[in-house]
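Enquirer: kindly return the folded structure for what I paste below:
(one chain, ligands or ions: 2)
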Amino acid sequence: MPPNRTQVAIVGAGPAGLLLGQLLLKAGIDAVILERQSGEYVLGRIRAGVLEQVTADLLDEIGVGARMHAEGLVHHGFEMLYGGTRHRIDLHGLTGGKTVMVYGQTEVTRDLMEARAASGAPTVYEAKDVALHGFDGTTPRLSYTLNGMRHELACDFIAGCDGFHGVCRASVPRSALTEYEKVYPFGWLGLLADTPPVNHELIYVNHPRGFALCSQRSLTRSRYYLQVPLTDKVEQWSDEAFWDELRARLDDAGRAALVTGPSLEKSIAPLRSFVCEPLRFGRLFLAGDAGHIVPPTGAKGLNLAATDVKYLAEAFIAHYKQRKDAALDAYSHRCLRRIWRAERFSWWFTSLMHRFAEDDAIVARLKDAELDYLMHSESGLRTVAENYVGLPLDFGE
Ligand code: RFL
Ligand code: PHB
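Expert: Ligands and ions are numbered 1, 2, ... in the order given. Presented below is the predicted three-dimensional model:
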């Protein structure tokens with residue numbers, strides 16, 4: 001029988017929920033995770049690929065960083081391709097030695113799931129119809145269906161780590177929250193293939209035919225993205241059509257180096273900027289995509305989820321170990337400050353790198369000029385680099 005009482009009930013076993021679970025476990029705080037899908041389904045979702053230093057540090061802190069260090073790729077920079085020419089952003093040189101780690105979200109999730117399973121901490125997969133009760137009072141609880149039977153889980157707090165389409169934010173009365181949202185007029189078509197990456201570093205491409213991104217998961221596995229109209233369906237895109245379009249958006253060196261092959265996965269993701277304020281409602285705390293979404297251009301989504309749960313775990317630890325609630329009270333404000341800065345960078349970088357149907361000729365030339373300015377100015381380069389590697393966890397007052 002699944003447990004019927006815990007200290008922190010976590011909804012969602014994505015990176016946010018699993019990371020929070022491990023941070024609490026390490027601190028000796030009880031948590032149960034309820035996940036709607038099966039573990040295999042969660043692992044099958046191909047998403048993020050770039051970890052900031054703070055995220056990698058967090059994985060080390062909870063003792064699950066070994067495979068990341070063995071198999072992940074430390075990147076000291078990335079390239080920007082526009083106007084047919086490549087420009088390198090030297091992340092390491094521009095930020096006083098900071099780097100990013102290329103290691104897939106799938107692998108992070110697998111490492112976290114394995115550590116949780118080894119610890120014996122409870123995760124209930126395929127928990128259907130999760131419902132939240134009493135989080136505005138002192139005795140919150142969750143109810144859910146497992147194998148056709150309804151169960152209850154009483155707790156002190158609920159952590160809503162259930163992503164953008166989850167039940168936690170949706171359970172808050174509309175009058176208690178403010179939502180800020182921008183949906184972009186295009187999506188990203190992603191393709192994963194067991195082919196060597198076209199370049200040893202990522203390439204972000206601004207091309208008159210649209211944005212493209214050359215990313216990777218390992219020295220033998222590539223991940224590519226193309227900006228496509230929202231009306232496109234993934235079935236319309238054969239592998240050949242994808243490779244042809246990517247070739248058209250690359251430079252000569254890229255075309256020559258590109259190795260194509262059958263896709264392992266292909267999907268279209270819409271792009272959205274979204275923030276919910278506040279992130280706390282009584283004894284319910286939202287973390288990760290449940291509270292905010294960024295367009296993937298800045299590679300910030302998973303990293304923000306990680307910093308949210310770092311703040312949240314600190315707050316729960318202060319509550320249980322020191323009987324102090326100041327950090328719980330400050331959680332929403334503290335997270336939102338960092339979230340808005342990442343939202344700003346992701347929105348700006350998305351706007352700069354994509355072609356919008358409504359852009360007239362002058363806007364296209366202004367974006368070219370902005371890129372030209374940024375890539376030839378020490379402060380311009382530094383601005384991009386310091387945001388890309390990740391802003392500090394605390395900014396001061
Ligand atoms: P997730 O990963 O969506 O996990 C939420 C979990 O909650 C479960 N769930 C429920 N469980 C129980 N009951 C319910 N009612 C439930 N409703 C939902 C879901 O099944 C799921 O398992 O949210 P989390 O943990 O907050 O993690 C967020 C990240 O997944 C996301 O921000 C990133 O993937 C975004 N992202 C990137 N972030 C980066 O930091 N770097 C990147 O390079 C990067 N690239 C990307 C990305 C996202 C992409 N897509 C597809 C949106 C590239 C793409 C294409
Ligand atoms: C990825 O590898 O999936 C990826 C990398 C960088 C981004 C977005 C996605 O900005």
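
Enquirer: every contact and neighbour count from this point should use C-alpha atoms.
Expert: Will do.

Enquirer: how close does the residue lying closest to L192 once chain neighbours are set aside get to V11?
Expert: The spatially closest residue to L192, leaving aside those adjacent along the chain, is R223, at 4.6 Å (Cα to Cα, 6 or more residues apart in numbering). Distance, R223 to V11, by Cα to Cα, to the nearest Å: 29 Å.

Enquirer: ok so, going back, touching, the residue nearest to L192 and W188? I think so.
Expert: No. Shown here, R223 and W188 do not form a contact pair, counting by Cα atoms under 8 Å, at 11.9 Å.

Enquirer: who has more neighbours, these two?
Expert: R223 (27 against 23; other Cα atoms under 10 Å).

Enquirer: could you give the mean pLDDT of the strand or helix carrying that one?
Expert: If you go by DSSP states H and E, R223 is part of strand 221-229. Regarding strand 221-229, the rounded mean pLDDT is 97.

Enquirer: try stretch 170-183
Expert: 97.

Enquirer: quick one: name the residues of the stretch 101-250 of the chain near ligand 1.
Expert: V130, C161, D162, G163, H165, G166, V167 (Cα under 6 Å from any ligand atom).

Enquirer: what is the nearest of these to ligand 2?
Expert: Proximity of these to ligand 2 (Cα to the nearest ligand atom) peaks at G163, which lies at 17.3 Å.

Enquirer: what pLDDT, on average, does the longest helix seen in the chain get?
Expert: For the chain, the longest helix by residue count, based on DSSP state H, is helix 326-353. The average pLDDT within helix 326-353 is 97.

Enquirer: any buried residues in the helix or strand following that helix, and which?
Expert: Toward the C-terminus, helix 326-353 is succeeded by helix 361-375 as the next helix or strand (DSSP H and E). Residues A364, K367, D368, L371, L374, M375 are the ones in helix 361-375 that count as buried (16 or more other Cα atoms under 10 Å).

Enquirer: again, but for stretch 227-237
Expert: Buried residues in stretch 227-237 (16+ other Cα under 10 Å): Q227, V228, P229, L230.

Enquirer: and L81, that's in a helix?
Expert: No. Counting by DSSP: H, G, I helix; E, B strand; the rest coil, L81 falls outside a helix, being strand.

Enquirer: can you report how many residues neighbour it?
Expert: Neighbour count for L81, taken as other Cα under 10 Å: 22.

Enquirer: tell me the pLDDT of it.
Expert: Reported pLDDT for L81: 97.

Enquirer: go ahead and confirm it touches V205.
Expert: Yes. Using Cα under 8 Å, L81 is in contact with V205, at 4.7 Å.

Enquirer: shared neighbours of these two, anything?
Expert: Here L81 and V205 share the contacting residues L250, scored by Cα atoms under 8 Å, 6 or more residues apart in numbering.
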